[in-house]
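Trainee: what's the 3D shape of this:
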Amino acid sequence: MPFRDRDWENYLRECECFPAYTDYIFGVDTRPEVDDEPGSDSQLLPQFLPQPLPQRLYDLPLSAQNPIAYNSARDSPRSRLSTMPNLQHASMPRQESSFESRPPTPCPAPHDLPTAGSQEKLLRPSELIADPAYSFISQQRRMEVNNMIIDAWNMVHSDAIPSQKAQAMDFIKDMSRGAAVKLKEHAALHESRLQAEVRAEEQAEAYNAQAEAYNAQLEAHAEQVAEHPYQRHFTPAHHTTEAEHIRAEAEAERTAAHTSVPTSTYAIHDLSQLPAYVQSQLPHLWTCTDIMNLQAPPTDPVQMTRYQQAQQYIADFKSSIPPKGLPWVGLVVDGMIRLHKAGSNPMAVLHTMPSV
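Mentor: So this is what the prediction gives:
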């Protein structure tokens, strides 16, 4: 039986270790029996393109998501940015061989992908307790809400009916929105407090600078008066005009005239007269006590004058009372302050005082 060229060609193709070499010499192998044979020329086999990388399926229902407990070290913003690529690569399945057929990985259309701003951050179990950002909320309230969130997530991942799962998910969303609003309000309040402190410091510095300038003017005025004692001088004004100083001095004189108490001898000779005497001086006593309750003496000249007059009146008032009656007067003053802080009338203090 003669050996044909076609048989020789087929023999060489079957014995050749490199089919590409025989394809280069004889041309493409067109035999039908080698179509599905591995190792043949790639031009005769279907192209197995590499499968696309698996992506997160955003269209899956929320019940398919598996929330995990909050971890402050793992879930901080910096750690999220640094570990995001690693998590994505770790979740990729290994690429199968190109010779094995498999169904394509489902991938949603590009227009179905949600944007970063549209995703709502949900509270996870123990996040309210572990995250220091929620420390402004009381510990008891955070524990109560955290227990409810844990129960809601358990309901979502249970075999309950869909309506109950939907209610649990709605509760989680509502609590997450409320927590986000609380965080924003707390941040805004903290920022406003910082700004108020900065403004108060600036105002205090400006006020101190003005007080120093005013003291310098007073010293210069005193030196000028000492050099020229027979020349008329005017006290430098500070936030007030000369007319306002004159009116303040006149008012101070009228107040001193109305609130004057005898200082040479005691106003009473018997302690039984002390309640009636205190009752007559009670309005002026409370006015001066209220002025003296300031944390520090004022720096404004007009207010400083009133402060000194109130201080002088209280000293004169105490000197007009026998030493045995001073403890009872101290109780009266403390009672007026206590009634004023409680929102009551300080003039009714004598009704609550014990007998002398």
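Trainee: Report the secondary structure state of P297.
Mentor: coil (DSSP: H, G, I helix; E, B strand; the rest coil).
Trainee: Now for the residue lying closest to it once chain neighbours are set aside, how many residues are close by?
Mentor: Leaving aside its sequence neighbours, P297 sits nearest to Y307 (C-beta to C-beta, 6 or more residues apart in numbering; 5.6 Å). All C-beta atoms are positioned from the backbone trio N, CA, C, and that covers glycine. Around Y307 sit 18 other residues, with neighbours defined as other C-beta atoms under 10 Å.
Trainee: now Q281
Mentor: 18.
Trainee: For L350, see how far away it is.
Mentor: Distance, Q281 to L350, using C-beta to C-beta, to the nearest Å: 12 Å.
Trainee: separation between V349 and D290?
Mentor: 13 Å.
Trainee: Who has more neighbours out of the two?
Mentor: V349 (24 against 14).
Trainee: Next up, the contacts around that one.
Mentor: 282, 332, 335-336, 339 (C-beta atoms under 8 Å, 6 or more residues apart in numbering).
Trainee: Confirm for me that E120 is in contact with S176.
Mentor: Yes. Under the criterion of C-beta atoms under 8 Å, E120 makes contact with S176 at 6.7 Å.
Trainee: Those two: which is more packed in?
Mentor: S176 (17 against 11).
Trainee: ok, the more buried one - contacts?
Mentor: 120-123.
Trainee: just Y134 next, same as before
Mentor: 128, 142, 179, 182-183 are the contacts of Y134 under C-beta under 8 Å, 6+ apart.
Trainee: want to throw those residues into CSV with neighbour count, distance to C15 and secondary structure?
Mentor: Output for the contacts of Y134, formatted as CSV (neighbours: other C-beta atoms under 10 Å; distance: C-beta to C-beta, whole Å; DSSP: H, G, I helix; E, B strand; the rest coil):
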residue, neighbour count, distance to C15, secondary structure
L128, 23, 75, helix
R142, 19, 79, helix
A179, 22, 75, helix
K182, 14, 80, helix
L183, 15, 76, helix
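Trainee: Quick check: the gap between the closest residue to P298 other than its chain neighbours and V349.
Mentor: With C-beta to C-beta, 6+ apart as the criterion, P298 has its nearest non-adjacent residue at 5.4 Å, and that residue is M304. Distance, M304 to V349, using C-beta to C-beta: 28 Å.
Trainee: can you list the domain ranges for this protein.
Mentor: The chain is divided into the following domains under the TED database: 6-198, 271-351.
Trainee: worst average pLDDT in those domains?
Mentor: Looking at those, the lowest mean pLDDT belongs to domain 6-198 (a mean of 70).
Trainee: So which bits of the helix or strand where Y24 lies are buried?
Mentor: For Y24, the host element (DSSP states H and E) is helix 19-26. Residues 19, 22-23 are the ones in helix 19-26 that count as buried (16 or more other C-beta atoms under 10 Å).
Trainee: Would you mind giving those as a markdown table with distance to N154 added?
Mentor: A markdown table is the format used below for the buried residues of helix 19-26 (distance: C-beta to C-beta, whole Å):
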| residue | distance to N154 |
| --- | --- |
| P19 | 61 |
| T22 | 67 |
| D23 | 64 |
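Trainee: Pick the one among those closest to A168.
Mentor: Relative to A168, the closest of the buried residues of helix 19-26 is P19; by C-beta to C-beta it sits at 62.1 Å.
Trainee: so where do the helices sit in the stretch 101-250 of the chain?
Mentor: Ranges of helices in the stretch 101-250 of the chain, per DSSP state H, counting those that start in this stretch, are 127-130, 139-156, 162-227, 242-258.
Trainee: In TSV, list the ones you listed along with distance to F317.
Mentor: Supplementary listing: these in TSV, determined by distance: least, C-beta to C-beta, whole Å:
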stretch	distance to F317
helix 127-130	59
helix 139-156	52
helix 162-227	30
helix 242-258	13
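Trainee: what's the most buried one of these?
Mentor: Mean neighbour count, computed with mean count of other C-beta atoms under 10 Å, is highest for helix 127-130 among these, reaching a mean of 19.
Trainee: got the CA positions of it in PDB?
Mentor: Extracted in PDB, the C-alpha atoms of helix 127-130 (Å, rounded to 0.1, in the frame of the first residue of the first chain):
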ATOM      1  CA  GLU A 127     -20.200  50.100  68.000                       C
ATOM      2  CA  LEU A 128     -21.900  52.600  70.300                       C
ATOM      3  CA  ILE A 129     -20.000  51.200  73.200                       C
ATOM      4  CA  ALA A 130     -16.600  50.700  71.600                       C
END
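Trainee: Against which helices or strands is it packed?
Mentor: Applying 3 or more C-beta pairs under 8 Å, 6 or more residues apart in numbering; DSSP states H and E, we find helix 127-130 packed against helix 139-156.
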